[in-house]
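Asker: okay, sequence plus prediction incoming.
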Amino acid sequence: MSIVRLSLVVAALAVSVGLALTNPTTDQYLGFVQAELNRAMDRMDGATPEREGTVIRNIFRRHSQELLNSMVRPHTLRQNWGLLSRFETTVLGTRVVVIGIGNQFIPVEGVDEAILRLGRHVF
């Protein structure tokens, strides 16, 4: 085996080990969902008066863990594929699919719709 091929194999193994070590957990996924919900609250439309919007955001932020633990965690299935994970959540009739790789999350399906439904459900 040549030095170039051996170097490529070693590099591929190093990348694989790195991805396996940074494969996101369910708790990290819930943190991602919470961050997305917070962003949605911050983007609340201008039709809501400022004072009312602030109250709603504060209430949501205080109770977001309860919302995640009661509505998201029990309905989430994690498929661990070693180098990456596939998270599938069904919340309020919406299917959400997210790929987690290298401590990053890539929404595949339904994230925006689910965030809107959760926000409407809470308020």
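Answerer: Alright, I've got the coordinates.

Asker: neighbours of Ala114, how many?
Answerer: Neighbour count for Ala114, taken as other C-beta atoms under 10 Å: 25. All C-beta atoms are positioned from the backbone trio N, CA, C, and that covers glycine.

Asker: now it: how far from Leu84?
Answerer: Distance, Ala114 to Leu84, using C-beta to C-beta, to the nearest Å: 21 Å.

Asker: what of Leu6?
Answerer: To Leu84, Leu6 is 26 Å away according to C-beta to C-beta.

Asker: how about Val72?
Answerer: Counting by C-beta to C-beta - Val72 and Leu84 are separated by 20 Å.

Asker: who has more neighbours, the two?
Answerer: Val72 (22 against 18).

Asker: part of a strand, is that one?
Answerer: No: assigned with DSSP: H, G, I helix; E, B strand; the rest coil, Val72 falls outside any strand and is helix.

Asker: so how far is Glu66 from it?
Answerer: Going from Val72 to Glu66 by C-beta to C-beta gives 11 Å.

Asker: nearest residue to the residue sitting nearest the centre point of the chain in space, please, no chain neighbours.
Answerer: The chain has Phe32 as the residue nearest its centroid, 3.6 Å off, counting by C-alpha atoms, centre = their mean. Nearest residue to Phe32, sequence neighbours excluded (C-beta to C-beta, 6 or more residues apart in numbering): Phe105, at 4.5 Å.

Asker: quick one: secondary structure of the one you found?
Answerer: Reduced to three states with three-state DSSP, the structure at Phe105 is strand.

Asker: who's it bridged to?
Answerer: According to DSSP bridges, the partner residues bridging Phe105 are Gly100.

Asker: now for it: which residues touch it?
Answerer: When contacts are counted by C-beta atoms under 8 Å, 6 or more residues apart in numbering, Phe105 touches 24, 29, 32, 87, 98-99.
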